[in-house]
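# prediction below, plus the sequence it came from.
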Amino acid sequence: MNYDVWGSWSRHVGQNAPLNDTCASSTNRQGSAVSATKAWTPAGMPINQIVLGVTSYGHSFRVPPSATFESDKKTLAVYPAFKASDQQNC
C-alpha cells in the first residue's frame, strides 16, 4: 500500500502516494514505493511477489499565502506547513 502517506494528520503538505521520496529532505521522507521495496526485499520478500497499491484520489490543503513561497518570493515552498484545523472536510 502506498497511499495516504501525508494528510490532515501531518504537519506539512506532501504527496498522497509518492513513488520516490529520495529527492525530499530526510525530515520529509515519510515513505514511498521505492523505499517500501527497498525495505521489503532485504527482509526476504521476493521482488516478483510485491504488488504495489496506489491511490487514484488526492487530498487538498489550505496553506496561508505567507507559507506558499520561499524567502525569495519566486520559488514555491516545498512541504509548506499548514494548520489541520483550517482544513475543510470534503
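Yep, it's here.
# assign a three-state SS to residue 66, would you?
helix (DSSP: H, G, I helix; E, B strand; the rest coil).
# er, residue 36 actually
helix.
# show me where pLDDT drops low in this protein?
The model of the chain has pLDDT under 70 over residues 1-2, 58-59, 87-90.
# can you pull out the helices in it?
With helices called from DSSP state H, the chain shows them at 33-40, 65-68.
# single out the most deeply packed of those helices.
helix 33-40 (a mean of 14; mean count of other Cβ atoms under 10 Å). From N, CA and C alone the C-beta is placed, and that goes for glycine too.
# what's that one packed up against?
On a contact count with 3 or more Cβ pairs under 8 Å, 6 or more residues apart in numbering; DSSP states H and E, helix 33-40 meets no helix or strand.
# quick one: it to chain centroid distance?
15 Å (Cα atoms, centre = their mean, to the nearest Å).
# also stretch 12-23?
3 Å.
# can you tell me the distance between the two ends of that stretch?
16 Å (Cα to Cα, to the nearest Å).
# how about residues contacting it?
Contacting residues not belonging to stretch 12-23 are listed as 2-7, 24, 28-35, 54-55, 57-59, 61, 63, 79-82 [Cβ atoms under 8 Å, 6 or more residues apart in numbering].
# likewise for stretch 56-70?
Contacts for stretch 56-70 (Cβ under 8 Å, 6+ apart): 6-8, 13, 16, 75-77, 80-82, 86-88, 90.
# same question for stretch 76-90.
8-9, 11-14, 24-25, 28, 60-64, 67-70.
# buried only: go through the residues you listed for me.
Buried residues within those, counting neighbours by 16 or more other Cβ atoms under 10 Å: 12, 13, 14, 24, 28, 61, 63.
# now residue 54. Nearest residue, chain neighbours left out?
Excluding the flanking residues, the one nearest residue 54 by Cβ to Cβ, 6 or more residues apart in numbering is residue 17, at 5.0 Å.
# what's the burial count for that neighbour?
Neighbour count of residue 17, defined by other Cβ atoms under 10 Å: 20.
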